[in-house]
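Undergrad: This is a predicted model, with the sequence first.
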Amino acid sequence: MATFEITTGKIPSAVKVALYGPEGIGKSTLASQFPLPLYIDTEGSTKHMNVRRLPSPQTWEDLMQEISYVASHPEVCRTLVIDTADWAEKLAAKYVLTAYADGKTVDNIEAFGYGKGYVFLETEFHNMLNLCDQVIAAGVNVVITAHAMVKTFYEPDGFGQYDRYELKLLKKDSPLLKEWADMLLFCNYKTRIVKDQNGKAKGQGGERVIYTNHNPAWDAKNRFGLPDMIPFDYSAIAHIIDGSQPTPEQPAVTAYKAPVDINEPHGQIFETPEEDLASQNTPLDVLLQNMKYKGIEEKEVQQFVGNAGIVSADTPISQYDNDLLNYLNENIDSLYSKIVAQRDPLG
């Protein structure tokens with residue numbers, strides 16, 4: 001009978017990071033704060049940055065060779081940055097048109113028929129991530145940046161639909177990158193719209209932050225117990241990458257604690273009078289304020305949630321769990337529209 005050695009404890013390893021967000025928010029600059037970075041710049045976004053870089057790959061073969069080079073020469077850097085995944089995907093798509101065409105002329109990825117082109121592309125994207133794993137095995141961190149796109153998400157239970165941020169990748173490639181990463185970090189602007197005493201709306205905030213956990217409005221994850229929202233600065237994750245421990249005097253991670261934490265897809269937009277902001281602390285408080293300013297009655301919310309089969313229609317809102325309350329808050333505009341339709345089905 002075979003015997004196996006059982007080990008315990010954490011296993012030291014380089015870290016796999018996927019960093020994505022809107023155009024121009026500073027993803028490439030943030031990646032430059034990682035230890036001794038070396039860039040593979042697929043789109044020319046680092047030409048105004050004082051960073052170390054390999055030649056800009058012109059083909060998919062160039063990109064794969066450069067990743068392989070770092071895997072076999074880990075002394076050249078401590079962090080490999082591939083900037084960006086969506087432009088790398090374009091190189092892969094061009095490669096697929098010739099490498100998988102069997103001598104035929106193929107003009108676009110759909111010309112293979114029956115979705116075969118996307119399967120070929122998925123295979124190549126998976127091969128790239130496998131090479132990145134070799135870099136990780138050599139002790140070098142890998143950061144892959146990507147752009148974000150807004151896409152409508154349809155709830156499988158029929159509860160509704162809403163816009164959310166996702167990786168700007170094709171349908172089969174996006175899950176590969178999300179699963180591969182130890183940290184999928186979503187960078188965005190934190191903005192709130194408030195109403196003054198005269199009812200006039202105005203924008204406040206606009207600071208850059210990083211979201212580290214899944215939310216209905218975006219994809220994110222981490223395996224290190226990070227707060228849901230952290231500052232847009234490498235120091236917030238340095239202890240994970242460097243393996244150092246935060247000190248009591250200078251904690252490595254500082255969570256943002258806003259009076260209201262409403263996560264809307266387009267930059268966390270929330271309407272509320274300024275004088276009420278300080279008093280809103282719980283998801284229930286937030287929902288009640290949302291209902292007040294939208295003119296929604298409790299029985300209407302109860303009826304809607306009951307029709308969706310989540311809880312019975314006679315369950316008071318005060319008895320909803322925080323997950324449901326947060327969901328209602330995050331989709332208050334969609335909820336309001338549907339309740340208005342319930343009031344006047346013909347209107």
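TA: Looks like it came in fine.

Undergrad: going forward, measure contacts and count neighbours with C-alpha atoms only.
TA: Will do.

Undergrad: where does the stretch 151-300 of the chain dip in pLDDT?
TA: Scanning the stretch 151-300 of the chain for pLDDT under 70 picks out the ranges 155-161, 191-197, 199, 201-205, 243-281, 293.

Undergrad: Run through the helices of it in chain order.
TA: Using DSSP state H, counting those that start in this stretch, the helices of the stretch 151-300 of the chain run over 173-180, 238-242, 283-294, 298-307.

Undergrad: want to throw those into TSV with mean neighbour count?
TA: Listed next are those as TSV, based on neighbours: other Cα atoms under 10 Å:
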stretch	mean neighbour count
helix 173-180	16
helix 238-242	16
helix 283-294	18
helix 298-307	17
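
Undergrad: Relative to Lys10, which of those helices is closest?
TA: helix 238-242 (12.5 Å; Cα to Cα).

Undergrad: still on that earlier bit, out of the helices of the stretch 151-300 of the chain, nearest to Pro55?
TA: helix 173-180 (23.5 Å).

Undergrad: still on that earlier bit, reformat the helices of the stretch 151-300 of the chain as CSV; add distance to Ala99.
TA: What follows is the helices of the stretch 151-300 of the chain, written out as CSV (distance: least, Cα to Cα, whole Å):
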stretch, distance to Ala99
helix 173-180, 18
helix 238-242, 37
helix 283-294, 53
helix 298-307, 52
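
Undergrad: quick one, domains of this structure?
TA: 16-181, 282-343 (automatic domain parsing).

Undergrad: do you know how far the closest residue to Lys221 other than its chain neighbours is from Cys187?
TA: Ranked by Cα to Cα, 6 or more residues apart in numbering and with sequence neighbours excluded, the top spatial neighbour of Lys221 is Asn213, at 4.3 Å. Distance of Asn213 to Cys187, given as Cα to Cα, to the nearest Å: 12 Å.

Undergrad: neighbour count winner among the two?
TA: Between Asn213 and Cys187, counting by other Cα atoms under 10 Å, Cys187 is the more crowded of the two (26 against 20).

Undergrad: Doesn't Val143 lie inside a strand?
TA: Yes. Using DSSP: H, G, I helix; E, B strand; the rest coil, the assignment for Val143 is a strand.

Undergrad: is it true that it touches Val17?
TA: Yes. Under the criterion of Cα atoms under 8 Å, Val143 makes contact with Val17 at 4.7 Å.

Undergrad: more neighbours, these two?
TA: Using other Cα under 10 Å as the criterion, Val143 and Val17 rank with Val143 on top: 27 against 23.

Undergrad: wait, what's in contact with the more buried one?
TA: Lys16, Val17, Ala18, Leu19, Ala31, Thr79, Leu80, Val81, Ile82 (Cα atoms under 8 Å, 6 or more residues apart in numbering).

Undergrad: which ones among those residues are found in helices?
TA: Ala31 (DSSP state H).

Undergrad: quick one: which of the contacts of Val143 is nearest Leu170?
TA: Ala18 (15.6 Å).

Undergrad: and the closest one, how many residues sit next to it?
TA: Ala18 has 25 nearby residues by other Cα under 10 Å.

Undergrad: Could you give the bridge partners of it?
TA: Taking DSSP bridges as the rule, Ala18 bridges to Ile144, Leu184.
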